[in-house]
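Chemist: Got a sequence here, can you model it:
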Amino acid sequence: MPRIAPVGSTNVDSKVAAALFLLQVKASLDLSTAEARKARTGNSDDFFERALTSFAKDIVRDGGLVSDQDLAIARKAGIDDSLMLEIVANIALNTLTNYANRLADPEIDFPVVQVNL
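Modeler: Reported below is the predicted structural model:
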């Protein structure tokens, strides 16, 4: 039996929390500075979002070789197999985008925004 099944999706709030944590940016979302800081550091007040960002951190830290214990913790928090794959897909997409932008070195044609969180 495979460790995870390739189906499913997640809600927008969870994707936003993971994206803020992984990208460490404050997007034009309706978040206060404190909420954005918590999302960036994986310290959301919401239990599920904390578990989601913690699991995303495990994946990045371990290069995808997440331990059975970390998988069990994520599942106990309500992260199912489909959401695990979605988190991996978001990490891969963000990594691909970052690498492509570094190769292309596009000219930034808009004002740079300073974010102090």
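Chemist: Okay, now the unreliable bits of this structure?
Modeler: Along the chain, segments meeting pLDDT under 70 span 1-31, 110-117.
Chemist: ends of stretch 61-78, how far apart?
Modeler: The first residue of stretch 61-78 is 21 Å away from its last residue (Cα to Cα, to the nearest Å).
Chemist: ditto for stretch 56-74
Modeler: 10 Å.
Chemist: Use 41 as the first number from now on
Modeler: Yes, from this point I'll number from 41; that puts the last item at stretch 96-114.
Chemist: Buried residues in that stretch, which are they?
Modeler: 96, 98-100, 106, 110-111, 113-114 (16 or more other Cβ atoms under 10 Å). (C-beta placed from N, C-alpha, C; glycine too.)
Chemist: Give me the number of neighbouring residues for Gly82.
Modeler: 20 (other Cβ atoms under 10 Å).
Chemist: wouldn't it be in contact with Ala91 here?
Modeler: No. The pair Gly82 and Ala91 fails to qualify as a contact (Cβ atoms under 8 Å) at a distance of 9.5 Å.
Chemist: now, among the buried residues of stretch 96-114, which is nearest to Ser72?
Modeler: The shortest gap between Ser72 and any of those belongs to Ala96, at 21.9 Å (Cβ to Cβ).
Chemist: Isn't that closest one up against Ile127?
Modeler: Yes. Contact criterion Cβ under 8 Å: Ala96 and Ile127 qualify, at 5.3 Å.
Chemist: re earlier: which ones among the buried residues of stretch 96-114 map onto strands?
Modeler: Nothing among those maps onto strands, per DSSP state E.
Chemist: where exactly do the strands run in this structure?
Modeler: Under DSSP E, the chain gives no strands.
Chemist: buried stuff in the biggest helix by length in it?
Modeler: Across the chain, the longest stretch assigned as helix under DSSP state H is helix 121-144. With burial defined by 16+ other Cβ under 10 Å, the residues of helix 121-144 counted as buried are 121, 123-128, 130-131.
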